[in-house]
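Student: Any chance you can model this:
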Amino acid sequence: MRRRRFLASPLLLLASGTLAADDYPRVLPGQTIGFPRDAGAHPAFRSEWWYITGWVREPDGNPFGVQVTFFRNRPRVAESNPSAFAPRQLLFAHAAIADARYGKLRHDQRAARAGFGLANAAEDTTAVSIDDWSLKLVDGAYIARIVARDFRFDLRFAPSQPVLLEGDGGFSRKGRSIENASYYYSQPQLAVSGNVAVDGRDANITGTAWLDHEWSSAALAPEASGWDWIGINLDDDGALMAFRMRDHAGAALWAGGTFRGRDGALRSFEPAEIRFAVERRWRSPRTGIEYPVAMRVSVGNDDYALEPLMDDQELDARASTGTVYWEGAVRALRGGREVGRGYLELTGYGKPLTL
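Tutor: You can find the predicted model right below:
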C-alpha cells in the first residue's frame, strides 16, 4: 500500500499542537446550510468528513457492502510557517468492501498533507483527493475512484431525493453542552452504478447508498468515549439516521436521529426517544476488541433489529487516523421481515475515540 508518512502520527500532532476549541469556528444553531458551497470543504473547522456507505449487487445477485470515506483535519500546528511542508490541513481516506464470501472486511487507507498537487479538498464543491483516490461531485452525482491494494472502485452515486438536514436544520447536537455539535447533512437513497474490481475480476454493480457530510470544531464531549450510528435506506424509499454517544462506562450520553418517510415527511427525535440495545457481540481475532455487531434500535415507537452481513467488518485505521472501528453493512428488520439496508458504525470500543 502506498502511503505518505508524517514526522509524527496525526493524533500526536493533534495532541501536541492543537489550540483551544475557541480558536476554531464554533458550530452555531440557526445557520443556513446552502449548496453548492456547503458541499465543499470548510478548512477553518477542526474536522470534517464525506462518508459514503452502500449495499450493491453484482449481475449474479451477490450482495456486498462498499465504503468510501474522506476525512479532513486542521491540526492548528505550524500555520505561520511559510514552508509548503507545514501540515496546515491533513487528509485521510478509507475504502472497504464487505463481502460475505470473503469472510472479513477488505480495506485500505491513505493519509497525506494537503498540497503539492497530490492531496486537496476543494471549498466550492465536493472534490477531495489523495493521489489516485478521489470523490467528486460531477453533474449532480458523486463520482468515487479508488485504486486500493487489492480492489478498485469506479462508482457513481446519483441522488434520488433532496438533501436531508440532520438535527435542527443541519445543526446536530452531540452532547449536553450546545458547544458539542456539528453541521451535518445526509443524502440517502443514492442510486449506485459502476464497476468494482476484486480478485482479478471486474463486475458492473448497482445498488443504493448513503452519504454523510459533517464538519465540526468540538463534536465530542470530554466524557464521551465514542458513538454508535446507523444510516438505513428503507425499502419504501424512506430513510432513518440514529446515533447515540456513549460515556466511558458504555452508557448513553446523548442521542439523536431523523426519519424521513416515503412521503417526504420529516421527524426529528429527542435523546430520550432513541435506544440502542445489544443483541449479540463479536470479538475481533486481531485486536481483541469486542463489538455489539447485532443491535436493536428503538426510535420513537418503532423498533429495528440490525443484523450484520457478516461479523468481521472491523476497519483497522491505525496507519492513518490512528483509530480502529467497526463499520458494517447491516440488514434492518421489523417483526422478522427485512425492511431496509444500511450501515452500522461502532467507534470507541477499543479505547476512547479522539477527534
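
Student: Where does the most centrally placed residue in the chain sit, in terms of helix or strand?
Tutor: Centroid-nearest residue in the chain, with C-alpha atoms, centre = their mean: Tyr51, separated by 3.9 Å. In this structure, Tyr51 is located in strand 47-57 according to DSSP states H and E.

Student: List the neighbouring strands of that strand plus their orientation.
Tutor: The strands that strand 47-57 pairs with in its sheet are strand 63-73 (antiparallel), strand 201-216 (antiparallel) (by DSSP bridges).

Student: For the residue nearest to the centre of the chain, give me its contacts.
Tutor: Tyr51 is in contact with Gln67, Thr69, Leu211, Asp212, His213, Glu214, counting by C-beta atoms under 8 Å, 6 or more residues apart in numbering. No exception for glycine: its C-beta is placed from N, CA and C like everyone else's.

Student: and the first one, how many neighbours?
Tutor: Residues lying near Gln67 (other C-beta atoms under 10 Å) number 25.

Student: Can you classify the residue lying farthest from the centre of the chain by secondary structure?
Tutor: For the chain, the C-alpha lying farthest from the average C-alpha position belongs to Pro82; by C-alpha atoms, centre = their mean, that distance is 32.7 Å. Remark: Pro82 carries the secondary structure label coil [criterion: DSSP: H, G, I helix; E, B strand; the rest coil].

Student: Ile97: what's its closest spatial neighbour, skipping adjacent residues?
Tutor: Across the structure, with C-beta to C-beta, 6 or more residues apart in numbering as the measure, the residue nearest Ile97 apart from its sequence neighbours is Arg106 (4.6 Å).

Student: Next: Ser134.
Tutor: For Ser134, ignoring the flanking residues on the chain, the nearest one in space by C-beta to C-beta, 6+ apart is Arg145 at 5.2 Å.

Student: What strands flank the strand or helix carrying the one you found, and is each parallel or antiparallel?
Tutor: For Arg145, the host element (DSSP H and E) is strand 141-147. For strand 141-147, the paired strands and their directions (DSSP bridges) are strand 133-138 (antiparallel), strand 151-158 (antiparallel).

Student: And the longest one, what's buried?
Tutor: Using 16 or more other C-beta atoms under 10 Å as the test for burial, strand 151-158 gives Phe151, Arg152, Phe153, Leu155, Arg156, Phe157, Ala158.

Student: returning to that earlier point: compile the strands paired with strand 141-147 into JSON lines and extend it with columns for distance to Asp23.
Tutor: Converted to JSON lines, the strands paired with strand 141-147 look like this (distance: least, C-beta to C-beta, whole Å):
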{"stretch": "strand 133-138", "distance to Asp23": "28"}
{"stretch": "strand 151-158", "distance to Asp23": "35"}
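
Student: With mean pLDDT added, can I get those in JSON lines?
Tutor: Compiled in JSON lines, the strands paired with strand 141-147 are given as follows (pLDDT from 0 to 100):
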{"stretch": "strand 133-138", "mean pLDDT": "98"}
{"stretch": "strand 151-158", "mean pLDDT": "98"}
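
Student: of those, which approaches Ala224 most closely?
Tutor: Taking C-beta to C-beta, strand 133-138 is the member of the strands paired with strand 141-147 nearest to Ala224, at 27.6 Å.

Student: so where's the stretch 51-200 of the chain uncertain?
Tutor: 84-85 (pLDDT under 70).

Student: cutoff 90 now
Tutor: Residues of the stretch 51-200 of the chain meeting the criterion pLDDT under 90: 76-88, 115-117, 199-200.
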